[in-house]
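# Sequence first, then the predicted structure, then my questions.
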Amino acid sequence: MGTTHALWLLAVPVGALMVAAGARRLGLAAPLVLVIAGLAFSFVPGVPEFELEPEFVLFVFLPPLLFSAAWNSSFSNLRENVWSIGLLSVGLVLFTTFAVGYVAHLIVPDLPLAAAFVLGAIVAPPDAVAAVSIAQRLGLPRRTVTVLVGESLFNDATALTAFRVALIAATGAGFTLLDGVGRFLFSAVVGAAVGLLLGPPLHWLRTRLNDPLVENGVALVAPFAAYLLAESAHASGVIAVVVSGLYLGNRETQSAAVTRLIGHSFWKVMVFLLESVVFLLIGLQLPPIVHEMSGRSWQELAWWSTAVFAVTVAARFVWVFPASQVPRLLSRRERALPTVGWRGLVVVSWAGMRGVVSLAAAFAIPFVASGDTPFPGRDLILFLTFTTVLGTLLVQGLTFPALIRALGIGGDRERYADTVALAGAQHAAAQAALERLEELDAEERLDASVVERLRQLAEHRQLRAWERLGGGTGPEGEEVPTATYRRLRREMLMAERRVFVRMRDERRIDDEVLAGVMHELDLEEVALSRD
């Protein structure tokens, strides 16, 4: 690898981090800003063409992103909404595949139906990263966010399976509808089995290592192992990754506190970096894709891309509204949940931004269908995929926050109820801690000063739980005692740090000693700042 090539490879993550940092500072949706920045960079003279390698995207980027999302998802919430999620991640993907495929076959001359279905399967799965980040930032109700997250976890598996089936049909291999259904069921069942078989031994290993770094190393390897094992069995690596992530994440509470602290920080950085690079790369795909279309009429391309984009967006609306009634007919659990309402359905329908998985699948289309026959319309499918991904990210993504605000959807009541419930739970927990302290004091006759300090700490936690309901301020806007405590303790920690640093500079303590005490002070400050 030449030095120049290596420098350009380094420039992608560095540039992505810089753009994402600027977007976060300005309060903008980083994924959308990254796509726009990628488009702008692609026009800069001297910038090389960055063509996505499908295997690289599907193996390096997809497993850790899906695993992290599954790890942090609530298994209980997903189970409560299983019908809604299933109708979107399976039913909507297949519906979009057929809708886009038929329309593309009708409007694009000489595009065979099987090849058109390949296009439909490629653009069918939404990437909810941008939508969920906006939804959480604007405080959408938890059920809406849960459904969007659950859809994004499983829809890639449906779309990639449909893509492979359509690809077999387009390349002239023997294929029947029964074969397609069989492949889909095999892929899903075996993929889920791989995830379930991999989860328990990995959890057992993590709970017995007693080494936070190694435990988190096991978690890092898990998504790649699940994906490779499932794919080697010709099953869905996506489902294997998601199932293993849900299993391990649901049992994270059995890990040590230090393991969880390190793991949360590591995965936040990892996901932030991978997502930043992915969305920048989407924008950078413009030159190689446009280059392939140099011999076609731009008027026709504009018409075809607009039509495919419109059908992709419309298919979601057509499916979501009637399908929203099905779970309440099939499941008593769904009937007990609060209804989303027409405003919520509009939000779910508009949250259909496509992402890098669609582009990776498009690049994975072989150049040759069979023998020496070129794959029909490969360059056009790639172009229409790119315009659809770009259109959904920019049109839907940029208008998504305004739509949420215009509809007046928010989870304020839900968040207040959560805060009340948390305050009650923390009050009960602190009371249990005080009772246990009294028991230990009666048994061991503890030092009175130690008991008093521990009692004050427990009472402080009780008080902080209820004061959180007021947002950290009293009835007249004055600072409540726990807020004053946090502010003053932070000032004290800063003073302690200055002393330790000065003593290190004066060579009165070693750097290793400084690192240890700084870590302790940092942990205390993080605990203070968590509210």
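Sure, I can see it.
# Quick check: which ranges of the stretch 201-350 of the chain have low pLDDT?
335-336, 338 (pLDDT under 70).
# As a check, name the ranges of all helices in it.
Per DSSP state H, counting those that start in this stretch, the stretch 201-350 of the chain carries helices over the ranges 212-232, 237-250, 257-284, 286-292, 298-323, 326-330, 332-336, 341-350.
# Check which residues of the fifth one are buried.
For helix 298-323, the buried set under the neighbour-count rule, 16 or more other C-beta atoms under 10 Å, comprises 301, 304-305, 307-309, 311-313, 315-316, 318-320, 323. For glycine as for every other residue, the C-beta is placed from the backbone atoms N, C-alpha and C.
# which pair in the residues you listed spans the largest distance?
Greatest spatial distance in those: Leu301 and Ala323, 32.5 Å, computed using C-beta to C-beta.
# all strands in the protein, in order from the N-terminus.
In the chain, the segments counted as strands under DSSP state E are 368-370, 373-374.
# What's the mean pLDDT across the longest one?
Spelled out, that is strand 368-370. Mean pLDDT, strand 368-370: 71.
# quick revisit: which of the helices of the stretch 201-350 of the chain sits closest to Met18?
Here helix 257-284 is closest among the helices of the stretch 201-350 of the chain (C-beta to C-beta), at 9.3 Å.
# what distance separates the closest one from the centre of its chain?
In terms of C-alpha atoms, centre = their mean, to the nearest Å, the centre of helix 257-284 is found 10 Å from the chain centre.
# For it, which helices and strands make contact with it?
Secondary-structure packing of helix 257-284 (3 or more C-beta pairs under 8 Å, 6 or more residues apart in numbering; DSSP states H and E): helix 3-25, helix 30-42, helix 62-71, helix 212-232, helix 356-363, helix 378-391.
# Comparing the strands of the chain, which comes out most buried?
Mean neighbour count, computed with mean count of other C-beta atoms under 10 Å, is highest for strand 368-370 among these, reaching a mean of 14.
# Kindly reformat the helices of the stretch 201-350 of the chain as a markdown table containing distance to Met18.
Listed next are these as a markdown table, based on distance: least, C-beta to C-beta, whole Å:
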| stretch | distance to Met18 |
| --- | --- |
| helix 212-232 | 25 |
| helix 237-250 | 30 |
| helix 257-284 | 9 |
| helix 286-292 | 20 |
| helix 298-323 | 30 |
| helix 326-330 | 44 |
| helix 332-336 | 45 |
| helix 341-350 | 30 |
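# for these, which one sits closest to Arg378?
Nearest of those to Arg378, taken as C-beta to C-beta: helix 286-292 at 8.5 Å.
# just for the stretch 51-200 of the chain, where's the confidence low?
Looking at the stretch 51-200 of the chain by pLDDT under 70, you get 130-131, 136, 138, 172-177.
# In it, mark out all the helices, start to finish.
Secondary structure of the stretch 51-200 of the chain (DSSP H, counting those that start in this stretch): helices at 54-56, 62-71, 75-80, 82-86, 93-107, 113-123, 129-137, 142-170, 177-209.
# among those, which is the most enclosed?
Highest mean neighbour count among those (mean count of other C-beta under 10 Å): helix 113-123, a mean of 27.
# which one of the helices and strands packed on helix 257-284 is the most hemmed in?
helix 356-363 (a mean of 25).
# Give me the contact list for it.
51-54, 57-58, 61-62, 121-123, 125, 127, 156, 159-160, 163, 278-279, 281-282, 285, 381-382, 385-386, 388-389 (C-beta atoms under 8 Å, 6 or more residues apart in numbering).
# OK, contacts around His188?
Just to correct that, residue 188 is Ala rather than His. Going by C-beta under 8 Å, 6+ apart, Ala188 touches Ala157, Thr161, Ala235, Ser236, Ile239.
# wait, Ala310
With C-beta under 8 Å, 6+ apart as the criterion, no residue contacts Ala310.
# do you know how far it is from Gly377?
19 Å (C-beta to C-beta, to the nearest Å).
# before we move on, what about Ala23?
Remark: distance between Ala23 and Gly377 (C-beta to C-beta) = 36 Å.
# same question, Pro401
36 Å.
# Tell me which of the two has more neighbours.
More crowded of Pro401 and Gly377, by other C-beta atoms under 10 Å: Gly377, with 22 against 16.
# pretty sure the more buried one is in contact with Leu111, am I right?
Yes: contact status for Gly377 versus Leu111: in contact at 4.8 Å, counting by C-beta atoms under 8 Å.
# list the contacts for the residue of the chain most remote from its centre?
Distance from the C-alpha centroid of the chain peaks at Arg445, with 51.2 Å (C-alpha atoms, centre = their mean). Neighbour list for Arg445: empty [criterion: C-beta under 8 Å, 6+ apart].
# Torsion angles phi and psi at it?
phi 50, psi 60 (degrees, to the nearest 10).
# Can we start the residue count at 42 from this point?
Fine by me, first position is 42 from now on; the one you just mentioned is Arg486.
# That one and Ser399, how far apart?
For Arg486, the distance to Ser399 - C-beta to C-beta - is 68 Å.
# With Met544 instead?
Met544 is 56 Å from Ser399, where distance means C-beta to C-beta.
# And for Phe541?
As defined by C-beta to C-beta, Phe541 lies at a distance of 52 Å from Ser399.
# again, but for Leu322
13 Å.
# circling back: could you check the pLDDT of the residue farthest from the centre of the chain?
pLDDT at Arg486 comes out at 79.
# Just the residues contacting stretch 151-159, thanks.
Stretch 151-159 is touched from outside by 138-139, 141-143, 145-146, 149, 203-204, 207-208, 210-211, 406, 416-418, 421-422, with contacts defined as C-beta under 8 Å, 6+ apart.
# any idea which of the contacts of Ala229 is the one closest to Arg527?
Ile280 (43.9 Å).
# From Thr199, how far off is the closest one?
Relative to Thr199, and taking C-beta to C-beta, Ile280 is found at 9 Å.
# just Leu69 next, same as before
Separation of Leu69 from Thr199 (C-beta to C-beta): 31 Å.
# Phe441 too?
23 Å.
# try Thr212
From Thr212 across to Thr199, the span is 21 Å (C-beta to C-beta).
# Please name the nearest non-neighbouring residue to Met394.
Spatial nearest neighbour of Met394, excluding adjacent residues (C-beta to C-beta, 6 or more residues apart in numbering): Thr433 at 4.6 Å.
# Need phi/psi at Ala405.
According to degrees, to the nearest 10, Ala405 has phi -80, psi -10.
# list the contacts for it?
Pro95, Glu96, Leu99.
# can I get the helices and strands packed on helix 298-325 in a markdown table with distance to Arg337?
Below are those laid out as a markdown table (distance: least, C-beta to C-beta, whole Å):
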| stretch | distance to Arg337 |
| --- | --- |
| helix 44-66 | 29 |
| helix 71-83 | 19 |
| helix 103-112 | 31 |
| helix 253-273 | 35 |
| helix 397-404 | 16 |
| helix 419-432 | 8 |
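# All set, thanks.
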